[in-house]
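In: sequence plus predicted model, see below.
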Amino acid sequence: MRSASETIGEVAGPGAAGGVSGAVRASLGRAARPVAFAVALALLWYVLGSTALLAPRGALPAPATVLADLGAEAGTARLWVDVAQTLETWAIGLAAAAAIAVVLGLAIGSLRLVYAAVKAPIELLRAVPSIAVLPLAVLVLGVHLRLAVVLVAAGAFWPLLIQMIYAVHNVDGAALEMGRVFRLGWLRRFGSIVLPSCLPYFFTGLRIAAVVALNVTIAVELLIGSTGGIGMRIDQLEVAGDIPHLYAYVAACGLLGLAINVATRRVERRVLRWHASQRSAVPA
Amino acid sequence: MLPPECAAVLKVDALSKTYGPPGRGFRAIERLSFEVRERELMCIVGPSGCGKTTLLRCLSGLLRPTSGAAFLDGQAIAKPPEQLALVSQDYSRSLLPWMSVLKNVTLPLRSKGLGRAERDAKALAVLARVGLERFADRFPWQLSGGMQQRVAIARALAYEPRILLMDEPFAAVDAQARADLEDLLQDVWLDYRITVLLVTHDIDEAVYLGDRVLVLTRSPAVAKAIVDIELDRPRRQVETKEHPEFVQRRAQVFRLVREEGRAG
Amino acid sequence: MRRRLVEWSVTWSFLAGIAAIWWFASAGSRSTYYPPLSTIVSVFRHEWLFAHATSDLVPSLYRIGLGLGLSIVVGVSLGLVIGLSPAVRTTVEPALEFIRAIPATAVLPAFIVVLGITNVSKVAFIAFGAVWPILLNTIEGARGIDVEFHDVARVYHLGPVRRLVSVSIPAAIPQIFAGLRIAVSVAVLLVIYAEMFASTNGVGYFTLNAQTLFEIPQMWSGIFVLAILSYVLNGAYAAIEWKVLRWHRGWRSSQADAAA
C-alpha cells in the first residue's frame, strides 16, 4: 500500500518559496478558477434568460436581480419567518424519525428472527416515498402542521432504520468476542462495543435522512400551501408571477441546505473524532 | 555468474529522491549508483523502510527522482519505459478484478499492435509456461495468492520486456507458495533470458535467487555493498541452501543488513 | 441452508399474516378513510387493469425512464470528466456544492415557469433531481480509483482511450452504481411530487385527484400502485446491480479473506 507521504511528496514543491505573501498569492490563485467558473455559469444563465432561447421572457431573471432581491429579503422578517418555520418542521420530523429509527433499528438488527420477519415489509415500505401517502394523510390528519411533520418523519425514518440495522449487523465480531472473553455483561457489551461502532452508520443515515427531510418539508409546504414555510412562499410567488423573488427564495433554500450540510458534517466530525470515516454512497 | 564485461542494461547514476520541500524534506535515497547487467538476476535488500519501493518506483518511471538519473539501454528514464515491466507486491490491486486472467495478460499486448488472435495465443502460451492455462477464463480473485502472482508474472513475460522489475513480489504469499514462485521465477528467467531486478526483504530469497545482491543502507539509502553469489544454476531449494557458499553469503548479507538496521 | 429456509418462511408468513389481518380486520369497515381491503383490491383490479394502466401508469413510467436516462448520461459523463481531472474538479466543485444543496423539490416551480406544464418540464425536473447522486458518486468513484490500477496502465503503456475504457470506468463502476441506487428512489419521489403539483395524468396525479374527489378506494388503489411501482423499480435496479457487480463482490471478499 502506498503511504500517504509518497503522494503528498509528489504534490509539494512550488509554493514553498515566497513566505507569507507567496502563500496569500497562491491561495488567491487557487480561488480564482472556481470563482471564474461560477461567474461563467451566471453569465450563461443571463444569456439564456435575456435572449428567450430556452424560456419565455422573464422566466429566467438576471442573476444580479435575483441576488439583489435575496439581499433585500434577508433584511425583512418575511424570509426569516419562513426559514424558521421550515426548519422547525424539518427538525421535529427528523428528530422523531431518528429516535424511533434508532430504537427499532437496534432492536431489529439484534434479533435475527425479528429481522427475518420484517425484512420483506421493510423492503416494500422503504421504497415508497412518503409523498405518495400525502392524499391519505391529508384526509386523516387534516391540513395542519402535524401533517408536514408526520410526512417528514415518515420519509426520514427509512434511511435511518436501514443504516441502524446494517450497523448492528456489521459490529466487529472480534470485538464482541473479546467482550465475551472478558465476561462483560450483555448490557455492558451493548453499551461499550455495539453502540459506539454503530455511531458512524447513524451519521451516514442522518446525512441521507436530513436531505430527504428537507425535500419532503418543502414538498408538503408547496403542495398544501397552508402550513407556512419557504415551500408555501415559493408557491405563492409563482402564482403571483413574482419570478425574481421566486428564484431568490430558491437560492435561499440552497443556502439553507448548505447550512444543514455543513452543520451535520461538523457534528459528525466532532463526535466521530476517534473513528476513521467510512466510505459510503454520497447522498445528494 | 556473468562476466563483468557484459553490457549494463540498467544504469543508475547518483539517483536521489527527497519527499517534501528541498532541505526540509525526507531524504529517501541519496546519490545511489549501481548497474544491472544483461541477463542478470539482481536482488536488492535493505532494512525496512529504507526506500526500496521508492527506488523501484523511480526506476520504473512512476516517480521522478529529485536528482540523478537511471538509464535503460542508455536512455534516461523519465516516464515508464516501453521495455520495462513491473510486478508489484499487491496482486489484488495490480491484476484488474473486472477482467479474466486471459484478458489481464493480453491487456498490455494491446499497446504492441497485435491482433486479437495473436494476443490470445501469446497469452495462453505464457500462461501454460507458468502452469495456469486451465484458469484462463477465471477471474484473478478466484485464484489463490500464489496463482495470482503467477498471473502477474505471466502478464509481464507476455509483454516481452527488456528488464523486469519486481517489488517484493512474494511477500504477500504463504511460505510454501513462495518457494514454488522463487523456482518458477528462476525457470522463466533462464528460459526467457530477461534481466531481472528484484527487491525483497527476505535475505534467504535474495541470496537464493540473485547473481548479485545489492545491500542498501538505511534512508537516505545508498549502496552499502554488492555481494557476488557464486552458486551454480539451476539452484534447488534444499541442495543449494545446504551449500557452504550459500550459508556464507547469507550470513554476510544478513550481517550487512543488520548493521544498517541497528545503526542509529 | 436450513437457517435460510427458516428465515425465508418467517418472512413470507409474516407478510401473509399482515395481509390476512388487514383483510379481516377491515372486512366490515364503514370508515370513510379506511375501506375494507377487499373493496380496495376490487377497485384496484377495475381501475388499473388495464384502463388506467395506460392512461396513468405509462406516463409515469415514461417520465421516470426518460428522466433517469438523461441523468445517467449527463451524470456519468460529466462525473468522469470531473473526477479524472483534479484541475477540473477544483474549478467546478464549489459551484456544484452550492447547486446540489438546493432541495430538488424547491426547484419544481422554477422548472414549470421556464418550461411550462408539459412533459418536458417534468422530465427535465426529474433529471435535475436524479443527476446529483449519480454525478457526485461518479466523481467519487473516478477520484478514488486505486493508484495501483493507474500504475498498471502507465507501465504497460495503455493509450488514453484504452485506459479510460478498460481501467478507469470499470474501477469507478461500483461507486457509480451506489449513486444510481439513490437516483432511482429520488426519481420515483420526484415524479410523484411533480404529478401531484402540476399534471393532468400520471399515478401521482390520479391518487391526489381521487382524494379531492373523495373517491377513497380509488385513492388507496393509487397508493398501492405507487408502492408496487417503487418496489418493482428498486428491485429491478437491485437485480441489475447484482449482475453487473458480481466481479466486485468476488474481489472484495477475496481481499477480506486474504486480510483475515
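Out: Structure received. Residues are numbered from 1 along each chain as shown, chains lettered A, B, ... in the order given.
In: which non-adjacent residue is nearest residue C:226?
Out: Nearest in space to residue C:226, with sequence neighbours left out and distances taken as C-beta to C-beta, 6 or more residues apart in numbering or on different chains, is residue A:132 at 4.0 Å. To be clear about C-beta, it is placed using only N, CA and C from the backbone, and glycine gets the same treatment.
In: residue contacts, that neighbour?
Out: Counting by C-beta atoms under 8 Å, 6 or more residues apart in numbering or on different chains, residue A:132 touches C:192, C:204, C:207, C:223, C:226-227, C:230.
In: could you rerun that using 7 Å?
Out: For residue A:132, the contact set (C-beta atoms under 7 Å, 6 or more residues apart in numbering or on different chains) comprises C:192, C:223, C:226-227.
In: wait, a helix at it?
Out: Yes. Counting by DSSP: H, G, I helix; E, B strand; the rest coil, residue A:132 falls inside a helix.
In: need the pLDDT of it.
Out: We have a pLDDT of 91 for residue A:132.
In: same question, residue A:281
Out: Reported pLDDT for residue A:281: 50.
In: same check, this time on residue A:125
Out: 89.
In: in what helix or strand does the closest residue to it other than its chain neighbours lie?
Out: In this structure, residue A:125 finds its nearest non-sequential neighbour in residue A:158, 7.2 Å apart by C-beta to C-beta, 6+ apart. Residue A:158 belongs to helix A:145-169 when elements are defined using DSSP states H and E.
In: tell me which helix or strand comes right after that helix.
Out: helix A:173-181.
In: quick one: distance of the next helix or strand after that next one to the chain centre.
Out: Going down the chain from helix A:173-181, the next helix or strand is helix A:186-189, by DSSP H and E. How far helix A:186-189 lies from its chain's middle: 33 Å, per C-alpha atoms, centre = their mean, to the nearest Å.
In: for helix A:186-189, buried residues please.
Out: For helix A:186-189, a neighbour-count test (16 or more other C-beta atoms under 10 Å in any protein chain shown) marks residue A:189 as buried.
In: all helices for chain B, in order.
Out: Assigned by DSSP state H, chain B shows helices spanning B:52-59, B:91-94, B:101-106, B:116-129, B:145-158, B:175-192, B:203-209, B:239-242, B:244-262.
In: near chain B, which residues of the stretch 101-250 of chain C? Just list them.
Out: Within the stretch 101-250 of chain C, the positions lying close to chain B (C-beta under 7 Å from any C-beta of the partner chain) are C:146, C:148-149, C:151-152, C:154-159, C:162, C:166-167, C:170, C:247, C:250.
In: just for the chain, where's the confidence low?
Out: Defaulting to chain A. Low-confidence segments of chain A (pLDDT under 70): A:1-20, A:275-284.
In: right idea, wrong chain: chain C
Out: Chain C contains residues with pLDDT under 70 at C:259-260.
In: residue boundaries of the helices in chain A?
Out: A:4-11, A:19-50, A:63-75, A:77-110, A:112-126, A:134-141, A:145-169, A:173-181, A:186-189, A:195-224, A:229-240, A:243-271.
In: nearest to residue B:118, of the ones you listed?
Out: helix A:4-11 (37.4 Å; C-beta to C-beta).
In: for residue B:174, grab the count of nearby residues.
Out: 11 (other C-beta atoms under 10 Å in any protein chain shown).
In: ok, it - contacts?
Out: Counting by C-beta under 7 Å, 6+ apart, residue B:174 touches residue B:145.
In: try 10 Å this time
Out: Residues counted as contacts of residue B:174 (C-beta atoms under 10 Å, 6 or more residues apart in numbering or on different chains) are B:144-146.
In: which one of these is nearest to residue A:96?
Out: Checking the contacts of residue B:174 one by one against residue A:96 (C-beta to C-beta), the nearest turns out to be residue B:145, at 50.5 Å.
In: next one: the residue nearest to that closest one when sequence neighbours are not counted from chain C, what distance?
Out: Nearest non-adjacent residue to residue B:145, counting by C-beta to C-beta, 6+ apart: residue B:173, 4.8 Å away. According to C-beta to the nearest C-beta, to the nearest Å, residue B:173 and chain C sit 10 Å apart.
In: who touches residue B:173 in this structure?
Out: Counting by C-beta under 10 Å, 6+ apart, residue B:173 makes contact with B:89, B:91, B:144-150, B:179-181.
In: neighbour-wise, give me the winner out of the residues you listed.
Out: Neighbour-wise, the contacts of residue B:173 (other C-beta under 10 Å) top out at residue B:149, 30 neighbours.
In: distance-wise, check the closest residue to that one other than its chain neighbours relative to residue B:145.
Out: Distance criterion C-beta to C-beta, 6+ apart; nearest residue to residue B:149, sequence neighbours excluded, is residue B:91 at 5.1 Å. Per C-beta to C-beta, to the nearest Å, residue B:91 is found 7 Å from residue B:145.
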